[in-house]
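In: Give me a model of this one.
(chains A, B and C)
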Amino acid sequence: MNIELFCQYLIAGLTYGTIYAIVAIGFNIIYNTTGIINFAQGEFVMLGGMLAVTLDVFFPLPLSIAGAVIITMLLGALIEICFIRWLKSPSVLRMVMITIGLSIIIKAAALAIWGEGVKSLPYFTGTAVTVISMGDVHVSPQVLWVIGVSGLIVALLSFFFNHTLLGRQMRACASNIDAARLCGIDAKNMVTLSFILSAGIGALAGCVVCPITYVQYDSGTNLAIKGFTVAILGGLGNSTAAIAAGLMLGILESLSIWILPTAFKDVIAITILLLILFVRPSGIFGNAEAARLKEF
Amino acid sequence: MARSTYKQILLLTVCVIGVQLAATAADKTQYLTQLTMAGYYSMVIIGLSLLMGYTGQISLGHAGFFAIGGYTSAFLTTYNLLPHQDAPIVSLLARTGVLMAGKDLYDADILVVQPWAACIAAVLVTLVVAYVIGRPVLKLKGHYLAMATLGFGTIVYKMVLGTSLVGAADGLSDIPAFQLLPGLSVSGKSSVRIQNYYIAWGLVIVGTTLLLNLIHSRVGRALRAIHGAEDAANAMGVDTASFKLRIFVVSAVYAALGGAFLTHFNGGIGPSEASIMKSVHYVAIVAIGGMANLWGALTMGVALNFLSLRGYFGSHDDSVFGLILVAVMLFAPEGIGSTGAPERIRAWIKRLGAREEPAP
Amino acid sequence: MNQLEVSGLNKRFGGLQAVGNVGFSVPQGAIKALIGPNGAGKTTLFNLVSGVLKPDSGTITFQGAEIQSRLPYQVARLGIARTFQHIRLFPKMSALENIMVGRHVHSRAGFVSGMLSLPWTRREESAIRSRSLEIMDFLGIVDLADSEATSLAYGQQRIVELGRALACEPKLLLLDEPAAGLNMRETAEMAKLIGRIRATGVTILLVEHDMALVMNISDEIVVLSYGEKIADDQPLAIQKNPEVIRVYLGENDA
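Out: Numbering: from 1, shown residues only, chains lettered A, B, ... in the order given. I've put the predicted structure just below:
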């Protein structure tokens, strides 16, 4: 095993890890505002890719991606309004079942609309064989797109939550919903906004990674599990830690091909999830009290 | 047995026999095959109903236990030990009568474990796995518990899917019949269809009776206490961690038995039995039937599984489950039983049977 | 003989020393009260004794054996039962069933024997039921037996919870604000019940804010303030203790 191959695996790991981190951030945004774990989060990613592929037939690529993201965001809002908004203090089990049910329905709808086959977007720059070479390490420009877009998402979210009124209102709801209401913040709309945001970033991530990993009607589930693992690993609700955790998981998975047969690659993420849940559910970066503070 | 248990089990037995007679009379005995399968799936459902309903623990990984039971049974009864017959373990097993000779697909001689021994092994393996997994998992609550059980189920699925020793994506097939008594075997042959229907439902009846007895016992009361106010239950001397674990193990063993028997009935097993969708199906059925409602879960289970197996949902199987699950969770989170429908139906039946009162 | 001895007990939550170097003892058969302003650490102390919390340091000795590292269900099995400040009855179970759960430590039917519904388990269930009814009779609430526990009036719920604790046949009973939320008549009833329970030989340690009740029934009183013990004496002496008066009423009225 030489240094070039190692770098190749590392970069692959970083690419996937970034996507896991974005999915985790999506989980965190909804969790922070509502305390709900949205099991359908992976489906937002899948829909982003699928919708973009369909729109790409009619529109130029940037427009298709924008369209896919907007449609998915609308769907996120729709889900919140129809299924979540009017529930009064639902139990955890009820919420788990509803979001799982929604994930099943979305998958079935995707199967009906797009069929079983894998789909892919064209590479944003260049083609499938274009490479950028750094010495003996060859990397597709799409990888830079993935990392770049993800970085942009994180930066924009950070700006949004820290420096805009709306963002601060959402954080207020996350911290203490009753106090937020007393300050005149419309908590109901904040919840809808959290779904819209999560759906949007999920869809965007789905579009940008689609050329590399393709998309299929059921690609959401795997991503959801890995995204959740990353969210827990970083401490549920802590999105900054999720980024680090995502990269860690991505790299670990990538390098695991050395030791394990590829069929078991997914088992790594789940084993890590179980280990973390058993040993330190507050995550490696979280501590038990901070976990309750639920800041972005 | 409590008197109510007695009456309920009697009613169940009557229904089981009644359905069989009706099917035979209407010359639709092929329905019995799906009902037999639905029966074995019900073993998972009644155990899960107890776990979720009486202790409030979510398990999104019970298909994993079903698969562990089924695959252990399947593997042991098809793995040819003939090439290893000189190994000390194998000759020890042979001497204790645990092995049997048979023929494989190509009519060659093979040496495998007897189905009854394989079944016992399946239960033991499940016991161990459930204990080992259960201890850390049950310390978790809410979403964490759901995810941990989901993770467990996914690991089982990935492992059976990726291991060529158990057939990988094709699973295991050519499973021999499981002889319970001379003349009574678990197998898919249409000549013993009626027999097998009764074997399956006999298992469900016994299983349900044991669980009902448990619910009405000191343990059942302790479980309900744990569900209601775990800290108070602890303060009253109930070792809540131990009880939750033992119920988890019981429900896992029920699932494994269902899996083992169904494997012999179907003659095979595949990775799909361990899939997350299956686990979600089981949980959905328990949620729809009413969490702490064993009978609701059983009825829903039989109904939905039967319809699904007979193909009435066609290729929309998953969406139907998804829609039913979301609908019930939105509008009747305590399950269909809580909408008052059973009471209203009972009252309506009573009114039908009431005599006309003369005007005062 | 001291049934319960607490010595050098410390418990800190982050920056707050909830219990600081607290020590006292409860003689067998006595009624001892734990009082102090809100936030003084009384419920924390209860949670330490009943095993819900582990102390950072210090010992809790019950009948000569150290119990500070025991889990709540183990503490119950040793003979300490408790009630809760915010009533913790089991919902969806009748008052009688709630009390029957209290018999758990004195019964044996397990998973296998329960599933098989063995005859001896049924006899045990009968015994549990009749003993629980006896307790309800002793407390004067037999007619509430089949009512759903959480649908009862607040005062009645308190008595049911008391019955549940009594069903454990404890040697030491921890009562966490037994009169909270009760009106004057109900408080007087509660005082009588507590006296009758003590007469059966049970030692009682209670946390309470109702001063009349405390002064009326207690043999000894421990006063806590900001996690520390400031007095441990008989009721009359406590009433005259300047430190206690200062803590409750402030400087000016001393």
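In: Check the burial of residue C:147 by counting its neighbours.
Out: The local packing of residue C:147 (other C-beta atoms under 10 Å in any protein chain shown) involves 16 other residues. Where you see a C-beta, it was placed from the backbone N, CA and C, and this is true even at glycine.
In: so who does the nearest residue to it once chain neighbours are set aside touch?
Out: In this structure, residue C:147 finds its nearest non-sequential neighbour in residue C:95, 5.6 Å apart by C-beta to C-beta, 6 or more residues apart in numbering or on different chains. Under the criterion of C-beta atoms under 8 Å, 6 or more residues apart in numbering or on different chains, the contact list for residue C:95 reads C:136, C:141, C:144, C:145, C:146, C:147, C:148, C:149, C:152, C:156, C:160, C:163.
In: Geometric centre of chain C: which residue is closest?
Out: For chain C, the residue sitting closest to the mean C-alpha position, by C-alpha atoms, centre = their mean, is residue C:174 at 1.8 Å.
In: just checking, what packs against the helix or strand where that residue lies?
Out: When elements are assigned from DSSP states H and E, residue C:174 belongs to strand C:172-176. With contacts defined as 3 or more C-beta pairs under 8 Å, 6 or more residues apart in numbering or on different chains; DSSP states H and E, the packing partners of strand C:172-176 are helix C:42-49, strand C:80-82, helix C:154-167, strand C:203-207.
In: ok, that strand: who's next to it in the sheet?
Out: Each strand pairing with strand C:172-176, determined using DSSP bridges, is listed with its direction: strand C:80-82 (parallel), strand C:203-207 (parallel).
In: Pull out the buried residues from the last one.
Out: Neighbour-count burial for strand C:203-207, with 16 or more other C-beta atoms under 10 Å in any protein chain shown as criterion, is recorded at C:203, C:204, C:205, C:206, C:207.
In: Redo those as a markdown table? Include pLDDT and distance to residue C:10.
Out: Conversion of the buried residues of strand C:203-207 to a markdown table gives the following (pLDDT from 0 to 100; distance: C-beta to C-beta, whole Å):
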| residue | pLDDT | distance to residue C:10 |
| --- | --- | --- |
| C:203 | 95 | 24 |
| C:204 | 95 | 25 |
| C:205 | 95 | 19 |
| C:206 | 94 | 23 |
| C:207 | 94 | 19 |
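In: Next, give me the two most distant ones among those residues.
Out: Using C-beta to C-beta, the pair of the buried residues of strand C:203-207 lying farthest apart is C:203 and C:207, separated by 14.8 Å.
In: how many other residues sit next to the residue of the stretch 101-250 of chain C at minimum distance from chain A?
Out: Closest residue of the stretch 101-250 of chain C to chain A, C-beta to the nearest C-beta: residue C:150 (16.7 Å). Here the count is done by other C-beta under 10 Å, and residue C:150 has 16 residues near it.
In: Next, it: secondary structure please.
Out: When the structure is split into helix, strand and coil by DSSP: H, G, I helix; E, B strand; the rest coil, residue C:150 lands in helix.
In: That one and residue C:90: what is the separation?
Out: Taking C-beta to C-beta, to the nearest Å as the criterion, residue C:150 is separated from residue C:90 by 8 Å.
In: helices and strands of the chain: which one bottoms out on pLDDT?
Out: Using chain A. Sorted by mean pLDDT, DSSP states H and E, the helices and strands of chain A end with helix A:288-293, the least confident at a mean of 45.
In: which ones are touching the residue of the stretch 51-200 of chain C found nearest chain A?
Out: Among the residues of the stretch 51-200 of chain C, residue C:91 lies closest to chain A, at 13.3 Å counting by C-beta to the nearest C-beta. For residue C:91, the residues meeting the contact criterion (C-beta under 8 Å, 6+ apart) are B:228, B:229, C:148, C:149, C:150.
In: Kindly state the beta-bridge partners for the residue nearest to the centre of chain C.
Out: Residues in a beta bridge with residue C:174, per DSSP bridges, are residue C:82, residue C:205.
In: quick one: it and residue C:50 touch, right?
Out: Yes. Under the contact definition of C-beta atoms under 8 Å, residue C:174 touches residue C:50, with a separation of 6.0 Å.
In: tell me, what's touching those two both at once?
Out: Contact criterion C-beta under 8 Å, 6+ apart; residues bridging residue C:174 and residue C:50 by contacting each: C:80, C:82.
In: Quick one: residues contacting residue A:170.
Out: Contact criterion C-beta under 8 Å, 6+ apart gives A:32, A:33, A:161, A:190, A:193, A:194 as the residues in contact with residue A:170.
In: Tell me the residues on chain B that lie near chain C, please.
Out: Within chain B, the positions lying close to chain C (C-beta under 8 Å from any C-beta of the partner chain) are B:1-2, B:210-211, B:213-214, B:216-222, B:224-225, B:228-229, B:231-240, B:246, B:250.
In: out of the residues you listed, which are buried?
Out: In those, burial by neighbour count holds for B:210-211, B:213-214, B:216-222, B:224-225, B:228-229, B:232-240, B:246, B:250, counting by 16+ other C-beta under 10 Å.
In: so of the residues you listed, which ones are in helices?
Out: Taking DSSP state H as the definition of helices, these contribute B:210-211, B:213-214, B:218-222, B:224-225, B:228, B:232-235, B:240, B:246, B:250.
In: The helix or strand hosting residue B:65 and chain A, are they touching?
Out: Assessed by DSSP H and E, residue B:65 sits inside helix B:62-78. No. Remark: helix B:62-78 sits outside contact range of chain A, by C-beta under 8 Å from any C-beta, the gap being at least 11.6 Å.
In: Restricting to C-alpha, output that helix in PDB.
Out: As requested, C-alpha coordinates have been extracted for helix B:62-78 and formatted as PDB (Å, rounded to 0.1, in the frame of the first residue of the first chain):
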ATOM      1  CA  HIS B  62     -37.000  -7.900  15.600                       C
ATOM      2  CA  ALA B  63     -36.800  -9.300  12.100                       C
ATOM      3  CA  GLY B  64     -33.200  -9.800  13.000                       C
ATOM      4  CA  PHE B  65     -34.200 -12.400  15.700                       C
ATOM      5  CA  PHE B  66     -36.600 -14.000  13.300                       C
ATOM      6  CA  ALA B  67     -33.800 -14.400  10.800                       C
ATOM      7  CA  ILE B  68     -31.300 -15.700  13.500                       C
ATOM      8  CA  GLY B  69     -33.800 -18.400  14.400                       C
ATOM      9  CA  GLY B  70     -34.600 -19.200  10.800                       C
ATOM     10  CA  TYR B  71     -31.000 -19.100   9.500                       C
ATOM     11  CA  THR B  72     -29.600 -21.100  12.400                       C
ATOM     12  CA  SER B  73     -32.200 -23.800  11.800                       C
ATOM     13  CA  ALA B  74     -31.600 -23.700   8.000                       C
ATOM     14  CA  PHE B  75     -27.900 -23.700   8.200                       C
ATOM     15  CA  LEU B  76     -27.600 -26.600  10.600                       C
ATOM     16  CA  THR B  77     -30.000 -28.800   8.700                       C
ATOM     17  CA  THR B  78     -28.400 -28.200   5.300                       C
END
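In: next one: that helix to chain centre, how far?
Out: Computed by C-alpha atoms, centre = their mean, to the nearest Å, the separation of helix B:62-78 from the middle of its chain amounts to 12 Å.
In: Nothing else from me, thank you.
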